[in-house]
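Any chance you can model this:
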Amino acid sequence: MFVTGEDVERGKPAPDCFLLAAKRLGQKIEDCLVFEDAPAGIQAAEAAGTALVVVTAAHCGSLDTSHPTITGYGKLTAARLRS
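Just a heads-up that it's a prediction; the model follows:
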């Protein structure tokens, strides 16, 4: 599933893309996790109220953020949590 700039009226840093993605997935935005590498995207995720991980691979220096950061996606693994 993709959400592009053409799917929303307002682009980043407005939260519209993340809110629409959560809606299309049938999830509450509070239950979503966004991976973002750009300041406008970080602002959009914060405005949406979603959890956020900042990806720093595309940046020469570190981004000033209070959010968890990763350098890239290469070593990430996914696991389903059981409730």
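
What is the burial count for the closest residue to A38 other than its chain neighbours?
With sequence-adjacent residues excluded and distances taken as CB to CB, 6 or more residues apart in numbering, A38 is closest to K12, at 7.5 Å. Any C-beta I mention is one placed from the backbone N, CA and C, and that applies to glycine too. Counted with other CB atoms under 10 Å, the neighbours of K12 add up to 20.

Relative to A48, how far out is K12?
Distance, K12 to A48, by CB to CB, to the nearest Å: 10 Å.

and if you look at E30?
Distance, E30 to A48, using CB to CB: 9 Å.

Of these two, give the one with the bigger neighbour count.
Neighbours around E30 and A48, counted as other CB under 10 Å, are more numerous at A48. The numbers are 22 against 10.

and that one, what are its phi and psi?
phi -70, psi -30 (degrees, to the nearest 10).

give the contact list for the nearest residue to it once chain neighbours are set aside.
Sequence neighbours aside, P15 is the residue nearest to A48 in space, at 3.6 Å (criterion: CB to CB, 6+ apart). Contact analysis of P15 by CB atoms under 8 Å, 6 or more residues apart in numbering lists 44-45, 47-49.
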